[in-house]
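Participant: Make a model of this:
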Amino acid sequence: MTVLVVDDERDVVEGFRMAFPEWEVRGAGSGAEALRVLESEPVDLVFLDVRLGREDGLSLLGRMKERRPELPCVMISAYGTVERAVEALRLGAVDFLEKPLSFEKVRIVAERTASEVFARRVVEQERERYALLGESEAVREVRRLIEKAARVEVPVLVTGESGTGKEHVARLVHLSSRRARGPLVALNCAAVPADLFESEIFGHEKGSFTGAERRRRGRIEEARGGTLFLDEVGELPASQQAKLLRVLETGEYYPVGAERPRRADVRVVCATNRDLEAMVREGSFRADLYYRLGVLRIHIPPLRERREDIPLLAQVFLRRVSEELGQERTFSREALSVLMEGEYPGNVRELQHLVWRAALLSEGPVIGPEVVGKVRDEGRKAFSDDLLFAPRPLGEARREFERAYIAYHLSRCGGNVSRTARELGMAPSNLMRRMRELGMR
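Facilitator: Here you go, the predicted structure:
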């Protein structure tokens, strides 16, 4: 950890160096020198004297915060008063220590601050990792809505086709909020059987039903202090919609078998690729729950409606693939043109998979239009006459057709098994079982 000690008494700076040899201690005897250090070195923590000769340390604190708002600063002074301490905290100081300094107290403050600095850096790295790619007006609007969602503690509903990045946006909402250091706990509503949903989300007490041999925490409790992400909320069983509504309205819930309610300290973010308004009209989704969930709505447009983002997305995906393969790959201008012509029913996820396949198939460092075209047409070729009518045992042909048929619709649905199952008119569990039988999982 790099610590900047701003004090016009050199003995104080040397005292820090002797007391904390494990730190990189930088000293500054004036405001101008301190600002120069801040501009040239990655300082993690500042100890700042209230009096620097004729300079006012509190004024310098304000200037430091203007340059580095996130930088933790601890004020130190031999002339400590309640008024000065309050003013320092108002200006952004994290603590106020009196001279002569107790280095035990200094260490406690530093360790607490270091923990906070580390947590903040982890959040910043996660934000960079999940940064929303694209410069289209549609993507800018999504970014603006994420910033709005970060400033208010209300439920958020993220909508969009499969593969557009709804979970990605939900994670950014979490990472941009005051709950960013808390957990993000996800639950796919379509993957939980209706009779187990209540236990899954609310938890259960020991002995509450046959087989409940011990208490189990639910997802709401796991997400305490953070965000609960309910994916595919349109698949929520009608019997459970009222119970989720109660949590949103009262902030309380009952684990299965519990006699007293528990407080739900979570922010709820939901996502769906279904038309919830139409479901409300049909009576399959509660209107009151829909309005509660959609206090703030973020719609992610399909990739075909923001084609100008395709080159940037493709190049970022290709750079990641190149790093993993340890082989440099680039797209030719013609290849990028071919990519921009695609319809991408599976949206960003489909484009990402296409880039992966193109990188693996390319024999040279430059991926040309012929490779991109070949990969793009794979789905169409799966249903060619060569596949359908090539001489072979009927059982083998049927199996091959079924594999290709399921693979095609999975690609259309961006790999979403639940949506694919709906399109094929079967239960998700049956589709998963058939995919395993066909060697697809």
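
Participant: May I have the residues that are in contact with the spatially closest residue to I300 that is not a sequence neighbour?
Facilitator: Excluding its sequence neighbours, the residue lying closest to I300 (C-beta to C-beta, 6 or more residues apart in numbering) is G160, at 3.5 Å. For the C-beta atoms, the positions are set from N, CA and C on the backbone; glycine is no exception. Applying C-beta atoms under 8 Å, 6 or more residues apart in numbering to G160 gives the contacts K166, A271, N273, H299, I300, P301, P302, N347.

Participant: Which of those fall in helices?
Facilitator: Within the contacts of G160, residues falling in helices by DSSP state H are K166, N347.

Participant: can I get the contacts of G160 in a markdown table with neighbour count, distance to E9 and pLDDT?
Facilitator: Below are the contacts of G160 laid out as a markdown table (neighbours: other C-beta atoms under 10 Å; distance: C-beta to C-beta, whole Å; pLDDT from 0 to 100):
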| residue | neighbour count | distance to E9 | pLDDT |
| --- | --- | --- | --- |
| K166 | 25 | 57 | 93 |
| A271 | 27 | 57 | 95 |
| N273 | 21 | 64 | 91 |
| H299 | 15 | 59 | 96 |
| I300 | 26 | 57 | 95 |
| P301 | 18 | 60 | 93 |
| P302 | 18 | 64 | 93 |
| N347 | 23 | 62 | 89 |
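
Participant: Quick check: closest non-adjacent residue to the most centrally placed residue in the chain.
Facilitator: In the chain, the centroid-proximal residue (C-alpha atoms, centre = their mean) is R171; its distance is 2.4 Å. Excluding its sequence neighbours, the residue lying closest to R171 (C-beta to C-beta, 6+ apart) is Y130, at 5.3 Å.

Participant: same deal with G342?
Facilitator: Distances taken as C-beta to C-beta, 6+ apart place R376 nearest to G342, at 5.9 Å, with adjacent residues excluded.

Participant: Model confidence at S177, what's the number?
Facilitator: pLDDT for S177: 92.

Participant: Measure how far the helix or strand containing A119 is from the centre of its chain, please.
Facilitator: Secondary structure assignment for A119, by DSSP states H and E: helix 103-129. In terms of C-alpha atoms, centre = their mean, to the nearest Å, the centre of helix 103-129 is found 20 Å from the chain centre.

Participant: Repeat that for stretch 230-249.
Facilitator: Mean C-alpha position of stretch 230-249 versus that of the full chain (C-alpha atoms, centre = their mean) differs by 22 Å.

Participant: Can I get it in PDB, CA atoms only?
Facilitator: Taking Å, rounded to 0.1, in the frame of the first residue of the first chain, the C-alpha atoms of stretch 230-249 are listed here in PDB:
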ATOM      1  CA  LEU A 230     -34.600 -13.000 -11.000                       C
ATOM      2  CA  ASP A 231     -34.000 -14.100 -14.600                       C
ATOM      3  CA  GLU A 232     -36.800 -15.200 -16.900                       C
ATOM      4  CA  VAL A 233     -39.300 -13.700 -14.400                       C
ATOM      5  CA  GLY A 234     -42.100 -14.200 -17.000                       C
ATOM      6  CA  GLU A 235     -41.900 -17.900 -16.100                       C
ATOM      7  CA  LEU A 236     -42.700 -17.300 -12.500                       C
ATOM      8  CA  PRO A 237     -45.500 -19.700 -11.400                       C
ATOM      9  CA  ALA A 238     -48.800 -17.900 -10.800                       C
ATOM     10  CA  SER A 239     -48.900 -19.400  -7.300                       C
ATOM     11  CA  GLN A 240     -45.700 -17.700  -6.400                       C
ATOM     12  CA  GLN A 241     -46.300 -14.300  -8.000                       C
ATOM     13  CA  ALA A 242     -48.400 -13.100  -5.000                       C
ATOM     14  CA  LYS A 243     -45.600 -14.000  -2.600                       C
ATOM     15  CA  LEU A 244     -43.000 -12.100  -4.500                       C
ATOM     16  CA  LEU A 245     -45.300  -9.100  -4.700                       C
ATOM     17  CA  ARG A 246     -45.600  -9.200  -0.900                       C
ATOM     18  CA  VAL A 247     -41.800  -9.000  -0.500                       C
ATOM     19  CA  LEU A 248     -41.700  -6.000  -2.800                       C
ATOM     20  CA  GLU A 249     -44.600  -4.300  -1.000                       C
END
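
Participant: And that stretch, what's buried?
Facilitator: 230-236, 240-241, 243-248 (16 or more other C-beta atoms under 10 Å).

Participant: and these, which of them are in strands?
Facilitator: Among these, DSSP state E puts L230, D231 in strands.

Participant: Just name the closest of the buried residues of stretch 230-249 to P183, please.
Facilitator: Using C-beta to C-beta, L230 comes nearest to P183 of these, at 14.5 Å.

Participant: For the closest residue to that closest one other than its chain neighbours, give its distance to T210.
Facilitator: Spatial nearest neighbour of L230, chain neighbours left out: C270 (4.6 Å); criterion: C-beta to C-beta, 6+ apart. Separation of C270 from T210 (C-beta to C-beta, to the nearest Å): 32 Å.

Participant: Those two: which has the busier surroundings?
Facilitator: C270 (27 against 6; other C-beta atoms under 10 Å).

Participant: contacting residues for the more buried one?
Facilitator: By C-beta under 8 Å, 6+ apart, the contact set of C270 is P155, V156, L157, V158, F229, L230, D231, V233, L293.

Participant: out of those, who's nearest E14?
Facilitator: Checking the contacts of C270 against E14 with C-beta to C-beta, the nearest one is F229 at 50.9 Å.

Participant: what's across from that closest one in the sheet?
Facilitator: A186, V269 (DSSP bridges).

Participant: Count the residues that sit near it.
Facilitator: Neighbour count for F229, taken as other C-beta under 10 Å: 27.

Participant: I figured it was touching V185, is that so?
Facilitator: Yes - contact criterion C-beta atoms under 8 Å: F229 and V185 qualify, at 6.8 Å.

Participant: ok, back up a step: now do the helix holding A119, average pLDDT.
Facilitator: Mean predicted lDDT for helix 103-129 stands at 83.

Participant: And that helix, what's buried?
Facilitator: V106, V109, A110, T113, A114, V117, E126.

Participant: which helices and strands sit right next to the strand or helix carrying Y405?
Facilitator: Here Y405 sits within helix 394-412, counting by DSSP H and E. For helix 394-412, the packing partners by 3 or more C-beta pairs under 8 Å, 6 or more residues apart in numbering; DSSP states H and E come out as helix 378-381, helix 385-389, helix 417-424, helix 428-437.

Participant: Near the closest residue to L431 other than its chain neighbours, how many other residues are there?
Facilitator: The spatially closest residue to L431, leaving aside those adjacent along the chain, is A421, at 4.3 Å (C-beta to C-beta, 6+ apart). Applying other C-beta under 10 Å, we find 21 residues neighbouring A421.

Participant: contacting residues around A421?
Facilitator: Contacts for A421 (C-beta under 8 Å, 6+ apart) come out as A427, P428, N430, L431.
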